[in-house]
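> For reference, the sequence and a predicted model appear below.
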Amino acid sequence: MRALCIIAGAFLLYAAAGLPVAQAQEDEPVFLVAHPMFRDLDYRQTVLIAAPAPNGGHVGVIINRPTRRSLASLFPEHEPSKKVIDPVYYGGPFSRGALVALVKSEKTPGAGSVRMMDHLFLAFRAKTIDHVIESTPNDARYYVGYVGWRPGELRREIERGLWRVLDPDLGVIFRNDTEGLWEELLQQTRRIRARAPGAGAPRRVAAQS
């Protein structure tokens with residue numbers, strides 16, 4: 001898939017250049033649920049999975065914005081892409097022309113992959129994504145674009161109240177219908193915060209699939 005070559009090294013380029021690459025709460029993966037007043041069109045009513053990146057920042061994708069495109073429609077000459085059942089998702093405003101993949105795997109799917117949590121990797125490199133599509137096409141979800149934060153940037157966004165924070169759940173990431181997911185997780189964070197005496201600082205709670 002020659003078209004996928006545009007993403008080879010793209011993540012490392014951002015890291016080296018010190019450009020806006022996104023960040024999670026320090027050392028652990030998180031779900032980020034956009035605050036209702038977060039009006040940026042790229043992030044309005046979104047849920048993200050984010051995790052530490054090799055550059056000291058964080059990286060992630062939006063998990064609740066499916067597009068109307070199939071992978072086969074993006075790469076009609078690539079026969080293995082026709083095996084992918086789920087639609088392609090919009091992952092974020094970074095490298096909108098690039099394809100990345102969240103891959104369910106017990107070990108890294110290949111070079112250019114970032115571990116997001118147990119049994120989940122975010123693959124950036126074209127050859128690695130090709131191999132996933134050709135070998136286990138439906139053990140992954142495919143995204144155009146991603147999100148990145150510089151070191152300390154995500155923490156500051158959380159402190160500003162842009163995001164509610166939850167523990168990530170693999171079942172939620174790969175569930176078939178993500179419509180209403182933002183509202184569901186937002187209400188969950190509100191219930192937890194309401195039960196917590198003196199709650200003010202961001203709290204992490206487990207997402208329920």
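Perfect, I can see it now.
> and the longest strand for this structure?
strand 94-104 (DSSP state E).
> Give the rounded mean pLDDT of it.
Averaged across strand 94-104, pLDDT comes to 94.
> same deal with stretch 115-128?
Averaging pLDDT along stretch 115-128 yields 96.
> Same check on stretch 40-53?
Confidence for stretch 40-53, expressed as mean pLDDT, is 96.
> Ok, stretch 159-176 next?
Confidence for stretch 159-176, expressed as mean pLDDT, is 95.
> And that stretch, what's buried?
Within stretch 159-176, the residues that count as buried by 16 or more other C-beta atoms under 10 Å are L162, W163, R164, V165, L166, P168, D169, L170, V172, I173, F174. All C-beta spots, glycine's among them, are computed from the backbone N, C-alpha and C.
> Pull the distance from whichever helix or strand comes after the longest strand of the chain to the chain's centre.
Next helix or strand after strand 94-104 toward the C-terminus (DSSP states H and E): strand 113-117. How far strand 113-117 lies from its chain's middle: 10 Å, per C-alpha atoms, centre = their mean, to the nearest Å.
> Report the inter-axis angle for strand 113-117 versus strand 94-104.
60 degrees (axes from the mean of the first three to the mean of the last three C-alpha atoms, to 10 degrees).
> elements contacting the longest helix belonging to the chain?
Across the chain, the longest stretch assigned as helix under DSSP state H is helix 181-195. Secondary-structure packing of helix 181-195 (3 or more C-beta pairs under 8 Å, 6 or more residues apart in numbering; DSSP states H and E): strand 30-34, strand 47-52, strand 163-167, strand 204-206.
> Thanks a lot, catch you later.
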